[in-house]
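J.: Quick check, what structure comes out for this input:
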Amino acid sequence: MEFLADLWLAILLSAVFSFIASSIIHMVIPIHKGDYKRLPGEEEILALMRKHSVGRAEYHFPFCDSMKDMGSEEMIAKLNQGPVGILSLMPNGPWQMGKTLGQWFAYLVLVSVFVAYIASKSLAAGADYLDVFQITGATAVLAYGISTIPNSIWKPSPWSTTARFIFDGVVYGLLTAGTFAWLWPA
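T.: Sure, this is the predicted structure:
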């Protein structure tokens, strides 16, 4: 835990810089504007969901109780007929932006703690700026960017959306790398 004492400022500042960058990317630069689409027939579908008290959860449809049933003729017909998807529902009510931003910042700090840990096990005090930049940058890009790829593999997230989140992750990774390289102990 000595790495926390040595790198606490880099941990906090890299989280702050990434938080600011994410705010700019999502509020000023419109690259994520097309990430989500309006559901055709939204009002009718929402009314039907309310009628059945569909609550917060992730729903897979058409649903299959077991892998054995996945190959049944009935299930294959449902899959071919479509639609096929995953639906994520949030709690009812206005978006709790303050809570969400707080959780996002906590995540940024957590990633920076792991970046600090890995770097402290890989690099000595007084390490060269570029070495620190490379180790911390690669670690942070893995956490922020590469970690989004499973959304396009296992969920129906379009690859173009995942590519934009990878771009975000590279930005956060570079900011993290620069911060750690700048504040690396002598």
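J.: Might you report the residue contacts of T139?
T.: 114-115, 118-119, 173 (Cβ atoms under 8 Å, 6 or more residues apart in numbering). C-beta coordinates here come from the backbone N, C-alpha and C atoms, glycine included.
J.: Can you give me the distance of it to T176?
T.: 8 Å (Cβ to Cβ, to the nearest Å).
J.: Spell out which residues are contacts of both of those two.
T.: V115.
J.: For PyMOL, write a command that selects the buried ones of the contacts of T139.
T.: Listed next is the PyMOL selection for buried residues among these, using 16 or more other Cβ atoms under 10 Å:
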select buried, resi 115+118+119+173
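J.: Counting only helices, which of the contacts of T139 make the cut?
T.: 114-115, 118-119, 173 (DSSP state H).
J.: could I get the residues you listed as CSV with distance to E73?
T.: Below are the ones in helices among the contacts of T139 laid out as CSV (distance: Cβ to Cβ, whole Å):
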residue, distance to E73
F114, 47
V115, 50
I118, 50
A119, 55
G173, 48
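J.: Could you give the backbone dihedrals for the nearest residue to N151 once chain neighbours are set aside?
T.: Spatial nearest neighbour of N151, chain neighbours left out: S157 (3.9 Å); criterion: Cβ to Cβ, 6 or more residues apart in numbering. For S157, the backbone dihedrals (degrees, to the nearest 10) come out as phi -70, psi 130.
J.: Return the per-residue confidence for S157.
T.: Note on S157: pLDDT of 91.
J.: residues near E73, how many?
T.: 7 (other Cβ atoms under 10 Å).
J.: contacting residues around it?
T.: Counting by Cβ under 8 Å, 6+ apart, E73 has no contacts.
J.: what do you get for G178?
T.: F133.
J.: Grab the nearest non-local neighbour of the residue sitting nearest the centre point of the chain.
T.: Most central in the chain under Cα atoms, centre = their mean is T148, positioned 5.7 Å from the mean C-alpha point. Take T148 and drop its neighbours on the chain: the residue closest to it by Cβ to Cβ, 6+ apart is F165, 4.2 Å away.
J.: What separation is there between the closest residue to F3 other than its chain neighbours and F133?
T.: Distances taken as Cβ to Cβ, 6+ apart put S120 closest to F3, at 3.6 Å, once the chain neighbours are dropped. Per Cβ to Cβ, S120 is found 15 Å from F133.
J.: where along the protein do the helices fall?
T.: 2-27, 42-51, 67-70, 73-81, 97-122, 129-144, 150-154, 159-183.
J.: gap between the residue nearest to T148 and I29?
T.: 13 Å.
J.: Check F63 too.
T.: Taken as Cβ to Cβ, the span from F63 to I29 is 38 Å.
J.: cool, and L79?
T.: 38 Å.
J.: More neighbours: these two, which one.
T.: L79 (14 against 9).
J.: Mind pulling up the pLDDT for the more buried one?
T.: pLDDT at L79 comes out at 94.
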